[in-house]
Structures are given as C-alpha cells and as structure tokens.
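Asker: how does the following fold in three dimensions:
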Amino acid sequence: MNTLRLGTRGSPLALWQANFIAAALRPVAAPRAVELVLIETHGDRDQASALSAMGGFGVFTKAIQNALLDGRADVAVHSLKDLPTIPEPALELVSVPKRGPTGDAFVSRKHRHFDDLPTGATVGTSSLRRRAQVLNRRPDLKLLDLRGNVDTRLRKLDEQNLDAIILAEAGLIRLGLADRITEVLDPSWMLPAVGQGAIGLECRAGDTETHRIVSALRCADTLARVRAERAMLFALGGGCLVPIGTTSKVLDGVLTVRGAVLSADGARRIVATHTGPADAPLAVGQELAAMLLAEGADEVLKA
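Answerer: I've put the predicted structure just below:
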C-alpha cells in the first residue's frame with residue numbers, strides 16, 4: 001500500500017508542524033504509512049535577502065506545491081500565512097486543523113514591555129506588517145531586517161545586542177520556547193498576519209482518497225476564519241509585500257473579522273470590522289475588503 005507523503009520545509013518549526021500533522025493523520029490513514037518528504041524552498045536557500053526583495057509570493061511554499069504537482073508528495077504542510085491567496089488550479093486547500101495562538105510576541109532581555117522601549121531603540125523583524133505597525137505606534141524606533149529561523153533570530157537578538165525582536169507567538173510555543181516571550185503584543189494595534197498560527201493542508205484537486213484522510217483534521221471554525229481572512233487579502237490584492245493585518249473569531253455561528261491596511265512607513269492606517277454568517281466566510285472577507293477600500297485603503301495600497 002502506498003505511503004502517504006507529507007511535503008514540508010526542513011526548518012525546526014516546519015518539521016514540528018509536519019510531525020504534528022503526521023501523528024494526527026496516522027490513525028486515519030492506517031494501514032498506510034505516513035512519512036515526511038523534506039523540500040528546500042527559495043526562502044530557505046536565500047537567508048540573506050529581505051523577503052520583500054524576493055517578490056514575496058510563495059517563497060516558502062512554491063517548491064512544496066511543485067512536489068505535489070509532480071507526484072513527489074501527496075499533502076503539502078504549510079504555515080498558512082506563507083501560502084499565497086492566488087489559487088494553484090490543480091491544487092486545493094483541503095483542511096486547516098484547529099488554529100494555534102495568533103499573536104505576535106515581543107522578545108527582549110532588556111525591556112519588560114514594548115511600551116518600555118526607549119527612544120531610538122532597535123527592533124528586529126523580517127515582516128513588513130510588523131514593521132509598519134510598530135512604526136505606526138512608535139515612529140521613533142529603528143527597525144532592523146531580521147531573517148533566519150526562530151533559533152537564528154533569537155541568537156541575533158543577543159549577538160547584535162538588539163533591544164528586542166518580534167516573532168510569532170505560535171512558533172515560539174511550538175518549539176518549546178514560550179519562556180522567551182516577554183510580552184504578547186496587543187492585537188488592537190499589532191494585528192496578526194492573515195492565517196497566522198494556522199497550518200494549511202493542500203492536496204491535488206483530484207486525489208479523493210487523500211482528501212478524505214486529510215479532511216478528518218479540519219476545524220470548521222478555523223477554516224471559516226482563515227477563508228474570510230484570505231478572501232479579504234485576495235480582494236485587496238495583497239501578499240507578503242503589503243502591510244495588512246487581521247483578527248477574527250467565530251461565536252454562535254457569527255464570524256467577526258477586523259482588518260487593517262498600513263503604509264510601509266506606518267504613517268497611514270485604515271481599519272474596519274465586519275460580521276456575517278460563519279458559513280459564508282468568502283462574502284464576509286470580500287465585504288470587509290470593500291469597506292477598507294472605501295475608507296481609503298486603495299490609496300495606501302497603490303502607494
């Protein structure tokens with residue numbers, strides 16, 4: 001019987017996520033074995049360039065999608081925030097398990113809170129979204145582009161004597177590094193990335209048996225939330241190169257999504273919130289995008 005092969009990046013966080021998914025799939029896939037197929041992506045090969053300089057779209061996902069398309073893997077395991085919203089015609093985002101923490105973590109050995117940072121303090125982050133939101137709140141801070149996996153960034157915090165770095169809360173917790181979190185930033189001003197904290201499972205469109213197995217891990221509320229967030233991002237035409245943040249929740253069948261669009265320098269910030277039925281997430285996300293555009297987000301995006 002054919003092995004169910006999970007395509008994944010080889011970083012410690014990607015391997016944690018892929019092993020977590022593999023363990024959850026084994027009882028469902030039995031008697032088929034489940035194994036990992038490690039794939040190097042463009043973003044893994046180039047650890048020096050800023051993500052914005054690479055084009056932003058699919059630098060951590062395209063190579064894994066290619067492995068699905070050419071039959072080297074059956075399931076792609078993605079950090080959902082890395083997966084472009086432009087669909088790949090022969091592939092399908094089949095399942096999203098229950099979401100992990102969505103926050104952004106402030107990590108510092110010098111300061112207990114973000115608001116304690118002195119004027120001109122240096123903060124490291126590779127994310128344009130985090131950079132813009134930090135500058136919107138504290139335009140006096142110096143932002144340093146920081147690439148590499150979680151361990152590399154934590155090491156650079158110490159080696160380069162930075163005042164702080166900002167990382168995804170979920171990644172630190174999954175790697176057993178929750179003790180390094182100094183503060184989880186308030187999502188009222190530091191809105192997470194679209195899909196942050198969620199793992200996306202992608203399969204070939206016609207592979208019904210793999211769809212059946214992978215669907216067992218689907219969390220309906222998480223899927224509704226991320227579909228709405230991704231619909232908002234798609235309607236705004238955004239990707240990794242545009243500072244867009246979002247929060248979402250499902251309560252009693254009602255989906256609430258909040259979105260923010262910022263200029264790269266943080267000077268402009270457009271925010272809107274929209275609610276609708278959780279079983280119509282695409283409409284909720286698209287309508288939120290229309291609200292943001294009506295408030296002036298189109299000017300920010302064009303700039």
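Asker: residue 156: helix or strand, and which one exactly?
Answerer: Per DSSP states H and E: residue 156 is located in helix 150-159.
Asker: partners of the following helix or strand past that helix, with directions?
Answerer: Using DSSP H and E, the next helix or strand after helix 150-159 towards the C-terminus is strand 164-168. Pairing partners of strand 164-168, with direction, according to DSSP bridges: strand 104-107 (antiparallel), strand 122-125 (parallel).
Asker: residues contacting the residue nearest to the spatial centre of the chain?
Answerer: Central residue of the chain (CA atoms, centre = their mean): residue 81, 2.2 Å from the mean position. For residue 81, the residues meeting the contact criterion (CB atoms under 8 Å, 6 or more residues apart in numbering) are 193-196, 198. Bear in mind the C-beta positions are built from the backbone N, C-alpha and C, glycine included.
Asker: how about residue 24?
Answerer: 97, 217.
Asker: do residue 76 as well
Answerer: Neighbouring residues of residue 76 by CB under 8 Å, 6+ apart: 6-8, 61, 64-65, 67-68, 91, 200-203.
Asker: how about the strands of the stretch 101-250 of the chain, start to end?
Answerer: Remark: strands assigned in the stretch 101-250 of the chain by DSSP state E, counting those that start in this stretch are 104-107, 122-125, 142-145, 164-168, 183-184, 199-204, 244-251.
Asker: on the three-state scheme, residue 16 is what?
Answerer: helix (DSSP: H, G, I helix; E, B strand; the rest coil).
Asker: confirm for me that it is in contact with residue 173.
Answerer: No - if you go by CB atoms under 8 Å, residue 16 and residue 173 don't touch, sitting 10.1 Å apart.
Asker: residue 170 is in contact with residue 196, correct?
Answerer: Yes - counting by CB under 8 Å, residue 196 sits close enough to residue 170 to count as a contact (7.1 Å).
Asker: next, the residue nearest to the centre of the chain: phi, psi?
Answerer: When read as degrees, to the nearest 10, the backbone of residue 81 gives phi -70, psi -20.
Asker: domain ranges for the protein?
Answerer: Listed domain ranges for the chain are 1-98+198-218, 104-184, 220-303 (source: automatic domain parsing).
Asker: hey, which of those domains is tucked in deepest?
Answerer: Most buried of the domains of the chain, by mean neighbour count (mean count of other CB atoms under 10 Å): domain 220-303, with a mean of 20.
Asker: next helix or strand past the helix or strand bottoming out on mean pLDDT in the chain?
Answerer: One helix or strand of the chain scores below all others by mean pLDDT, DSSP states H and E: helix 42-45, with a mean of 56. Per DSSP H and E, helix 42-45 leads on to helix 62-69 as the next helix or strand towards the C-terminus.
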